[in-house]
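A.B. asks: Pasting the sequence and the predicted model now:
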Amino acid sequence: MAEPVFDKLKLPESGSVINVADGKLAVPNEPIVVLIEGDGIGRTINGVPGITDAAIRTLNAAVEAAYNGEKKIRWFKAHAGDSSREVYHPNLSDDDIKAMSPEDQRQVYLPDDTLKAIGHFSVALKGPLTTPVGGGFRSINVALRQFFDLHTCIRPVKYFDGVSAPNRNADKVDMVVFRENIEDVYAGIEFEAGSEEGKRLQEFLVKELGGKLRPGWNYGIGLKPMSEQGSKRLIRKAIEYALENGYKKVTLMHKGNIMKFTEGAFMKWGYELAKKEFPEKTVAESELEGDVPEGKVVINDRVADSMFQQIQTRPGDYDVIACPNLNGDYISDALAALVGGLGLAPGANIGDKCAIFEATHGTAPKYAGQDKANPSSLMLSGAMMLEHLGWKKAGDLVKNGISSTISKAARLSKEGAKPLPVTYDLVRQFDGYTQNDGMKSSEFADAIIRYIRGDAK
Ligand code: NAP
């Protein structure tokens, strides 16, 4: 495959491309992986490192420790968000950008160079990106997911021993959210109240389809397209994941009691798919008699609102959750909160050709440039990336390094020691500690790296 020509990007001096065929990756010893630093807490600002710097140092240390220098990631820095605007369009004012077409705004925040880089090299790690507000171009993240058809978003949420999490059942949390990533209200078919298109749609809905809207009222209208194909490919991935990773249940989370032909259909398609494609490997909860047979996965469903209380009152009852896009957005943050916050919540966006790994959280602007935010979420996203490359040993080192560092903080907290070797968000959850009794993100990363290298106890 010919290498694309880039306008302003500089390829790493060595490294080679990851080839993807029929969903299988051929990973060289020195793969080129695209890196988007991100905005806010992702970025290094005036020399103060962001969480992306902490994550990269940690991932490099894990690869080095796991493979003694035989393997190495060659990071290829590309731009999106604020850094893209600075590099490609430094002279544009906010007003200039607001006056642009949505496609031109996309070029400002997500340049063709970056799309070419991810398309060619297939794997990327991405820091959080600010969502431009009020413009025609909606979201860099959504654009990336749609451009590369990254249909499956995977967000594992597991309790780390020692975290003083807000929920007393937090230690039972070991769930993996499979969020459909490109349909539902995120397809972005929305019309502003009073707009020409909005008025035409309102008229069409009332006159042609019998929609019950109040005459003369000014409606903003959004559409929620959910396809059988899109829903089934997400649910298929969720069931395969449960079977491969020893989980016992796949729960279809929906609001089908109200939205019957979108969310209700998602549930129906889920049961249909399980019966047709995994007849020997799945059993519907309604057909289950007694214990779950060995090697089988139970398929059940829960209405979204009830799911939010279930994960708090009975977190041990749930394993893999398959859900439409918006439900997935909400439940991921709620689950992360159960185990101690967004700083511990990783994610992967997977398509047939490309994959982008990113934390669940956003740019947390109030902590930007302070070396303060928790980098674990991006490190854990990086660990998922290493597993995706088939480098499980290195991924495990990252997870164990984080886990050991948090356990050490928990031990030290019992002695009243200060500061604890974790970031502000985790330290403030220990009794008798405030958010000022923790360490910087970079120091937390250093402590994790010491475990990865075997230099800490
Ligand atoms: P947010 O950036 O996720 O931050 C909300 C709160 O979550 C923070 O104030 C902080 O809580 C906590 N938090 C987030 N990341 C953390 C970390 N690494 N360590 C510790 N605590 C962390 O949500 P937001 O403020 O609503 O969104 C800011 C921007 O990010 C928006 O433009 C949004 O659209 C965008 N966004 C991007 C992505 C993405 O790139 N994938 C995802 C979501 C949002 P405390 O203040 O309680 O400490």
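C.D. replies: Cool, got the structure. Everything numeric in this text was worked out from a predicted model, so none of it was measured. Numbers count the residues shown, from 1 in each chain.

A.B. asks: For the residue in the chain positioned nearest to the ligand, which three-state class applies?
C.D. replies: Among all residues of the chain, Gly362 sits closest to the ligand, at 2.3 Å; criterion: Cβ to the nearest ligand atom. Placement of C-beta: from N, CA and C, glycine included. The three-state label given to Gly362 by DSSP: H, G, I helix; E, B strand; the rest coil is coil.

A.B. asks: sec struct for the closest residue to it other than its chain neighbours, please.
C.D. replies: Nearest residue to Gly362, sequence neighbours excluded (Cβ to Cβ, 6 or more residues apart in numbering): Pro128, at 4.9 Å. Judged by three-state DSSP, the three-state class of Pro128 is coil.

A.B. asks: Then Ile356?
C.D. replies: Recorded secondary structure, Ile356: strand (three-state DSSP).

A.B. asks: ditto for Ala62
C.D. replies: Following three-state DSSP, Ala62 is assigned to helix.

A.B. asks: contacting residues around the residue nearest to Gly362?
C.D. replies: Contacts here follow Cβ atoms under 8 Å, 6 or more residues apart in numbering; on that basis Pro128 touches 38-42, 358-359, 361-364.

A.B. asks: let's go with 6 Å and repeat that
C.D. replies: Residues in contact with Pro128 (Cβ atoms under 6 Å, 6 or more residues apart in numbering) are 38, 42, 362-363.

A.B. asks: pLDDT wise, what is it at?
C.D. replies: At Pro128, the pLDDT value in this model is 96.

A.B. asks: how near is it to Lys399?
C.D. replies: From Pro128 across to Lys399, the span is 21 Å (Cβ to Cβ, to the nearest Å).

A.B. asks: cool, Leu110 as well?
C.D. replies: Summarising the geometry, the distance separating Leu110 from Lys399, computed by Cβ to Cβ, is 31 Å.

A.B. asks: Show me which of those two is the more surrounded one.
C.D. replies: Set Leu110 next to Lys399 and count neighbours by other Cβ atoms under 10 Å: Leu110 wins out with 24 against 20.

A.B. asks: Name the residues of the stretch 251-400 of the chain found near the ligand, please.
C.D. replies: Counting by Cβ under 6 Å from any ligand atom, the stretch 251-400 of the chain comes close to the ligand at 341-343, 358, 361-366, 373-374, 377.

A.B. asks: rerun at 5 Å
C.D. replies: For the stretch 251-400 of the chain, the contact set with the ligand under Cβ under 5 Å from any ligand atom comprises 342-343, 361-364, 373-374.

A.B. asks: Please look at Lys237 and Cys153 and confirm they touch.
C.D. replies: No: under the criterion of Cβ atoms under 6 Å, Lys237 lies out of contact with Cys153, with a separation of 10.0 Å.

A.B. asks: And those two? Which one has more around it.
C.D. replies: Shown here are Lys237 and Cys153; by other Cβ under 10 Å, Cys153 has more neighbours (25 against 18).

A.B. asks: What residues sit buried inside stretch 57-72?
C.D. replies: Residues of stretch 57-72 classed as buried under the neighbour-count rule (16 or more other Cβ atoms under 10 Å) are 57-66, 71.

A.B. asks: Same question for stretch 103-118.
C.D. replies: Under the neighbour-count rule (16+ other Cβ under 10 Å), stretch 103-118 has 105-111, 113-118 buried.

A.B. asks: Over to stretch 198-208?
C.D. replies: Within stretch 198-208, the residues that count as buried by 16+ other Cβ under 10 Å are 198, 201-202.

A.B. asks: pLDDT weak spots in this protein?
C.D. replies: When residues are selected by pLDDT under 70, those of the chain lie in 1, 133-135.

A.B. asks: Break it into its domains for me.
C.D. replies: Recorded structural domains for the chain (assignment: automatic domain parsing) are 1-153+342-457, 166-183+226-338, 189-222.

A.B. asks: Need the CA coordinates for the helix or strand where Ala265 lies. CSV is fine.
C.D. replies: When secondary structure is defined by DSSP states H and E, Ala265 falls within helix 263-277. Extracted as CSV, the C-alpha positions of helix 263-277 are listed here (Å, rounded to 0.1, in the frame of the first residue of the first chain):
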residue,chain,number,x,y,z
GLU,A,263,-34.6,0.7,21.4
GLY,A,264,-37.3,-1.9,21.5
ALA,A,265,-36.1,-3.2,18.2
PHE,A,266,-32.5,-3.3,19.5
MET,A,267,-33.7,-5.7,22.2
LYS,A,268,-35.6,-7.8,19.8
TRP,A,269,-32.7,-8.0,17.3
GLY,A,270,-30.4,-9.0,20.1
TYR,A,271,-32.5,-12.0,21.1
GLU,A,272,-33.0,-12.9,17.5
LEU,A,273,-29.2,-12.8,16.8
ALA,A,274,-28.3,-14.9,19.9
LYS,A,275,-30.8,-17.6,18.9
LYS,A,276,-29.8,-17.7,15.3
GLU,A,277,-26.0,-17.2,15.4
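
A.B. asks: Lovely, talk soon.
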